[in-house]
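Participant: structural data only, the sequence is not supplied:
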């Protein structure tokens, strides 16, 4: 793959050709190939994929020769999902040593098994991160014996966030032919994990088990905007038309043109075209710059203090396991725009200026606690608002009307003015349902008043420590606050 408009600069600063990155490769220590029967006897998944002498096992030297022959500039080298921790460590040693010798041409993703003792895995991840690992993968929870949407999955997400690492999973296509090594994360479990962890960069291997084909669904496209897929081995899995089919629904909603790439970005900057991504790696993208945008009312310090006190009280009532939103990051969201080409921002600003015309400033008050949820129980804990909610709803409708010509669909669901306080982890939904049912009736609504005088266009940048918000512009409502 080569990136559109992404070039390598020579010493003289001349632009020569696109940079090519082979994102998904596997390299093994030479003794794995030389003694493959012994390794096959130790690991069932390795035996399934590599026991046959026809299955190619490449070393770092062979990878680099192939890169030279094919004109590849950089390769991302992945480990194998061994069940034995000892084999993971030995493989990681080889990946890190090969990357160090390559002069930056090999980028290492190390391998772990979350089923081993937590302290052991934590130590190994820290070691790999210090030595230059940029991610963990290719991870196979099912074959390694750990549950992605369970306690082990929470730990791997926390480790990735702590060490600024990307997570790459083997995701299984729900249909199609069987092949050695097909079984991995189901598409459903992968999506559930990714939805619960928007704070980290996540990649689904081999087109993510077909994830792009579901990208036109709002609940997929909106919730998984931090998820990428790679295109490794696609000729072995799909026909040539897959590239057109995959990129069409994945990019159809709100200009998402970057999803069917490797999940790395670059921007030309003088003599250098490399840019650090939220996942902590250097990389490449074939898409124009996209901004994750939303329109909201900012709350102010007084309301944030009231929310902090409320969250503290709820934690003391047995709700510590909820995924709490930091009080200073709570907004009254009016419209989520999603990932939007930067060139659309001027038109969005014009639409927001139009939307606020004729809408008077108004007041809202903090009210009672509520939950959103479904058949599996509560999923979101939120704070209701009262006061002049009719004027706020009118403002939201005007936003829908003003933004629709720019390609932003109107909200299908009825607008509910609320402040999201926390989210429920799927694996603890049943226990949290009981805890919420006991806590909510005894918690009084906090005091606090919100004056809605302006709205803000806000950019959200997903980073390892959670989202970072950048206010791009504000738009004052007309008239005086009565």
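Facilitator: Yep, that arrived. Here the structure is a predicted model, which is why all the values come from computation and not from measurement. Residues are numbered from 1 along each chain as shown.
Participant: may I have the phi/psi pair for the one residue sitting closest to the centre of the chain?
Facilitator: In the chain, the residue lying closest to the centroid (Cα atoms, centre = their mean) is residue 226, at 2.7 Å. Main-chain dihedrals, residue 226, degrees, to the nearest 10: phi -100, psi 10.
Participant: how about the one 5 residues further on?
Facilitator: The phi and psi values for residue 231, taken as degrees, to the nearest 10, are phi -110, psi 20.
Participant: residue 52 too?
Facilitator: According to degrees, to the nearest 10, residue 52 has phi -70, psi 140.
Participant: then the one 3 residues further on?
Facilitator: Reported as degrees, to the nearest 10, the phi and psi values for residue 55 are phi -80, psi 120.
Participant: any idea how many residues pack against it?
Facilitator: 14 (other Cβ atoms under 10 Å). C-beta: built from backbone N, CA, C; applies to glycine.
Participant: without its sequence neighbours, what residue ends up closest to it?
Facilitator: Nearest residue to residue 55, sequence neighbours excluded (Cβ to Cβ, 6 or more residues apart in numbering): residue 49, at 6.3 Å.
Participant: related to what we said a few turns ago, need the contact list for the residue nearest to the centre of the chain.
Facilitator: Applying Cβ atoms under 8 Å, 6 or more residues apart in numbering, we find residue 226 in contact with 194, 198, 200, 201, 202, 462.
Participant: thinking again about what came up before, distance of the residue nearest to residue 55 from residue 145?
Facilitator: Noted for residue 49: a distance of 17 Å to residue 145, by Cβ to Cβ, to the nearest Å.
Participant: so residue 236, which state does it fall into?
Facilitator: Here residue 236 takes the helix state, with states given by DSSP: H, G, I helix; E, B strand; the rest coil.
Participant: in space, what's closest to it - neighbours in sequence excluded?
Facilitator: Nearest one to residue 236, counting by Cβ to Cβ, 6+ apart, is residue 179 at 7.7 Å.
Participant: what pLDDT is listed against that neighbour?
Facilitator: pLDDT, residue 179: 78.
Participant: can you report how many residues lie near it?
Facilitator: 13.
Participant: torsion angles phi and psi at it?
Facilitator: phi -150, psi 160.
Participant: how close does it get to residue 233?
Facilitator: The value you get for residue 179 to residue 233, if Cβ to Cβ is used, is 10 Å.
Participant: now stretch 337-351: average pLDDT?
Facilitator: Stretch 337-351 carries an average pLDDT of 90.
Participant: run the chain-centre distance for it.
Facilitator: Distance, stretch centre to chain centre, for stretch 337-351: 21 Å (Cα atoms, centre = their mean, to the nearest Å).
Participant: end to end on that stretch, go ahead and measure it.
Facilitator: 13 Å (Cα to Cα, to the nearest Å).
Participant: would you mind measuring the gap between the ends of stretch 51-65?
Facilitator: OK, stretch 51-65 end separation, Cα to Cα: 24 Å.
Participant: which residues belonging to that stretch are considered buried?
Facilitator: 51, 57, 58, 59, 60, 63, 64 (16 or more other Cβ atoms under 10 Å).
Participant: dump the residue contacts of the last one.
Facilitator: Applying Cβ under 8 Å, 6+ apart, one finds that residue 64 lies in contact with 102, 105, 106.
Participant: now do the helices in the stretch 351-482 of the chain.
Facilitator: Secondary structure of the stretch 351-482 of the chain by DSSP state H, counting those that start in this stretch: the helices cover 389-403, 429-439.
Participant: which strands and helices sit next to the longest one?
Facilitator: In this case it means helix 389-403. If contacts are counted by 3 or more Cβ pairs under 8 Å, 6 or more residues apart in numbering; DSSP states H and E, helix 389-403 sits against strand 331-341, helix 345-356, strand 362-374, strand 449-452.
Participant: let's see that with 7 Å instead.
Facilitator: strand 331-341, helix 345-356, strand 362-374 (3 or more Cβ pairs under 7 Å, 6 or more residues apart in numbering; DSSP states H and E).
Participant: one more: the last one?
Facilitator: Contact analysis of helix 429-439 by 3+ Cβ pairs under 7 Å, 6+ apart lists strand 377-387 as its packing neighbours.
Participant: so how far is the strand it packs on off the chain centroid?
Facilitator: That offset, for strand 377-387, works out to 24 Å (Cα atoms, centre = their mean).
Participant: repeat for stretch 424-444
Facilitator: Centre-to-centre, stretch 424-444 and its host chain are 26 Å apart (Cα atoms, centre = their mean).
Participant: if you count neighbours, what's buried in that stretch?
Facilitator: Buried residues in stretch 424-444 (16+ other Cβ under 10 Å): 424, 425, 426, 427, 428, 429, 432, 433, 435, 436, 439, 440.
Participant: just stretch 229-241 next, same as before
Facilitator: Buried, per 16+ other Cβ under 10 Å, within stretch 229-241: 229, 230, 231, 232, 234, 237, 238.
Participant: quick one: terminal-to-terminal distance for that stretch?
Facilitator: End to end - Cα to Cα - stretch 229-241 spans 17 Å.
Participant: then stretch 372-379?
Facilitator: Its first and final residues considered, stretch 372-379 spans 6 Å by Cα to Cα.
Participant: ok, residue 49 and residue 145, which is more surrounded?
Facilitator: The residue with more neighbours, out of residue 49 and residue 145, is residue 49; 19 against 13, by other Cβ under 10 Å.
Participant: who are the contact partners of the more buried one?
Facilitator: Residue 49 makes contact with 55, 180, 181, according to Cβ atoms under 7 Å, 6 or more residues apart in numbering.
Participant: please report the distance of the last one from residue 237.
Facilitator: In other words, residue 181. For residue 181 relative to residue 237 (Cβ to Cβ), the value is 12 Å.
Participant: what of the second one?
Facilitator: Distance check for residue 180 against residue 237: by Cβ to Cβ, it reads 13 Å.
Participant: pLDDT below threshold where in the stretch 251-400 of the chain?
Facilitator: 251-289, 374-376 (pLDDT under 70).
Participant: 50 instead, please
Facilitator: Confidence mapping of the stretch 251-400 of the chain against pLDDT under 50 gives the ranges 251-288.
Participant: hey, where'd the strands end up in the stretch 151-300 of the chain?
Facilitator: 166-169, 202-204, 227-229, 290-298 (DSSP state E, counting those that start in this stretch).
Participant: how many residues are close by residue 117?
Facilitator: 9.
Participant: same deal with the one 3 residues further on?
Facilitator: The burial metric for residue 120, expressed as a neighbour count using other Cβ under 10 Å, is 14.
Participant: still on that earlier bit, switch the buried residues of stretch 424-444 over to a markdown table; also include distance to residue 313 and pLDDT.
Facilitator: What follows is the buried residues of stretch 424-444, written out as a markdown table (distance: Cβ to Cβ, whole Å; pLDDT from 0 to 100):
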| residue | distance to residue 313 | pLDDT |
| --- | --- | --- |
| 424 | 18 | 86 |
| 425 | 20 | 79 |
| 426 | 25 | 73 |
| 427 | 25 | 70 |
| 428 | 20 | 76 |
| 429 | 22 | 77 |
| 432 | 16 | 86 |
| 433 | 19 | 87 |
| 435 | 13 | 89 |
| 436 | 13 | 91 |
| 439 | 9 | 89 |
| 440 | 11 | 88 |
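Participant: need the max-distance pair from these.
Facilitator: Farthest apart among these by Cβ to Cβ are 427 and 440. That separation is 21.2 Å.
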